[in-house]
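Engineer: Give me the fold of what follows.
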Amino acid sequence: MEPLLGWQFEDSLFAPSRERGPGGGARPPCGAKHCEPCWFHGEADGGEGAGGLTASKFRADWAYRQQEFEKALCEYSNCLLLLPPSNIAMRRDVQEGQARCLSRLGRHKEALDIAEKMRNSATNTDHLTMVLNLQFAIYQGLENVEKKITCLQQLICLHPFHPWYWKLLAEAYTSLLQSLSPLVIPETNPNQSEEVSVSDNSFKTSTGREINLQPHRSDDQKEGPRSSLATETKRENAVTCRSSQAVKEFLCTLEEPERTDEGKCIASEAWEQNMSKKVGIKACASFIRARLLLQLTQLQQSSFALENNIKGQKEIDDEVARLSFNENSLLLMTKVMGQDLIPEKLKEEFQGEVKCIGPSALSSLVTASATEFEIKWFGNLQDDLCHFDREF
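Structural biologist: Numbers count the residues shown, from 1 in each chain. Prediction:
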């Protein structure tokens with residue numbers, strides 16, 4: 001019988017294998033290269049070869065870790081000049097390092113320009129995820145809570161089952177709520193004006209909650225791979241009075257088209273009260289989804305990953321309790337925000353392949369507006385919650 005076309009096998013495939021001695025035959029066994037600590041500091045004149053580029057990149061990374069941002073920026077820039085056009089992976093790493101250094105040095109416009117160029121050249125979902133994380137970090141330095149929310153919403157469009165993005169989004173909504181709080185002071189008895197005490201930098205409500213009116217900064221904290229985003233988000237406890245108008249304008253854009261009469265929107269005290277409730281719902285619902293996702297992944301984790309998971313859940317429990325929703329509202333949020341959480345979907349999210357598509361198709365994955373995002377995730381929830389009575 002003639003073999004099928006294309007299915008012939010070479011006779012050599014069935015030949016007996018060669019005998020190999022210990023260590024892989026006659027060749028000497030391979031030995032791992034041992035590098036001294038900070039070996040790259042001695043490679044200053046490494047040239048344009050792979051070793052020189054690697055040493056230059058490591059020196060830049062080390063300077064950044066030591067918070068020597070000017071030195072790190074210089075090293076990254078020198079490394080970029082030596083990189084061949086074909087080395088796309090290292091080029092993107094170096095450009096990200098440049099942008100982060102510029103942001104730390106207060107040169108946010110230059111950092112955003114680099115991030116935008118990287119976004120336009122992204123060809124897969126990993127590239128886009130990295131750029132969105134970079135833009136989030138830059139807007140963190142600018143204390144722009146509205147842009148931070150936009151970045152996180154786009155990240156969630158790419159990774160809807162990522163618990164830490166949901167937690168960061170919830171914290172951003174909480175910052176937005178706190179910036180709105182000075183505009184929405186609960187009604188008080190005229191004869192009990194002492195219930196709200198105001199000082200130069202803060203005021204205290206009748207419940208004893210103090211709200212700081214000055215932006216809080218902390219420059220001595222070091223950046224970690226994931227915790228840096230969460231740690232820096234917690235700094236956004238308030239915004240200045242100057243930004244309150246911008247906050248209200250941003251919130252107006254999230255309203256349905258028939259409600260976007262901006263002049264009436266901003267001037268209406270009733271609108272401010274209602275918007276405060278809506279932002280609180282979004283914050284609490286995002287916290288709850290993050291907690292559900294952390295609970296689902298907890299069984300597959302151990303060591304420091306499990307510790308971070310449990311710590312995150314505890315932080316979420318505290319934040320949810322602080323928002324003071326009643327039990328019925330929390331149960332409804334849990335049901336709505338967890339209705340798509342199927343183990344198979346979670347497995348696809350954390351083990352799925354990177355999508356390599358064109359830049360235009362890639363951008364279409366995250367071009368949904370903030371209004372569309374919030375209608376998708378919170379629209380039905382807000383309609384249902386209006387049937388519950390709660391104190392806010």
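Engineer: quick one: the helices in the stretch 1-150 of the chain?
Structural biologist: Along the stretch 1-150 of the chain, the segments classed as helices by DSSP state H, counting those that start in this stretch run 50-65, 69-82, 88-104, 108-120, 125-142, 145-158.
Engineer: repeat for the stretch 201-350 of the chain
Structural biologist: 227-234, 241-253, 262-267, 269-298, 303-323, 327-337, 343-351.
Engineer: just to revisit the earlier point, highest mean neighbour count out of the helices of the stretch 1-150 of the chain?
Structural biologist: helix 145-158 (a mean of 22; mean count of other CB atoms under 10 Å). From N, CA and C alone the C-beta is placed, and that goes for glycine too.
Engineer: Okay, angle between whichever helix or strand comes after that one and helix 125-142 too, please.
Structural biologist: Using DSSP states H and E, the helix or strand that follows helix 145-158 in sequence is helix 163-180. For helix 163-180 against helix 125-142, the angle by axes from the mean of the first three to the mean of the last three CA atoms, to 10 degrees is 30 degrees.
Engineer: what's helix 163-180 packed up against?
Structural biologist: Contacts defined by 3 or more CB pairs under 8 Å, 6 or more residues apart in numbering; DSSP states H and E place helix 163-180 against helix 145-158, helix 227-234, helix 241-253, helix 269-298, helix 303-323.
Engineer: so where's the stretch 251-392 of the chain shaky on pLDDT?
Structural biologist: Counting by pLDDT under 70, the stretch 251-392 of the chain has low-confidence residues at 251-268, 345-360, 363, 367-368, 386-392.
Engineer: mind running it again at 90?
Structural biologist: 251-278, 299-300, 342-372, 374-376, 379-392 (pLDDT under 90).
Engineer: For A361, grab the count of nearby residues.
Structural biologist: 10 (other CB atoms under 10 Å).
Engineer: circling back to that earlier point, what would the helices of the stretch 1-150 of the chain look like in TSV with mean pLDDT?
Structural biologist: What follows is these, written out as TSV (pLDDT from 0 to 100):
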stretch	mean pLDDT
helix 50-65	87
helix 69-82	94
helix 88-104	96
helix 108-120	96
helix 125-142	95
helix 145-158	94
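Engineer: out of those helices, which comes closest to Q339?
Structural biologist: helix 145-158 (15.9 Å; CB to CB).
Engineer: mind listing what H127 touches?
Structural biologist: Residues in contact with H127, defined by CB atoms under 8 Å, 6 or more residues apart in numbering, are R92, M118, S121, L362.
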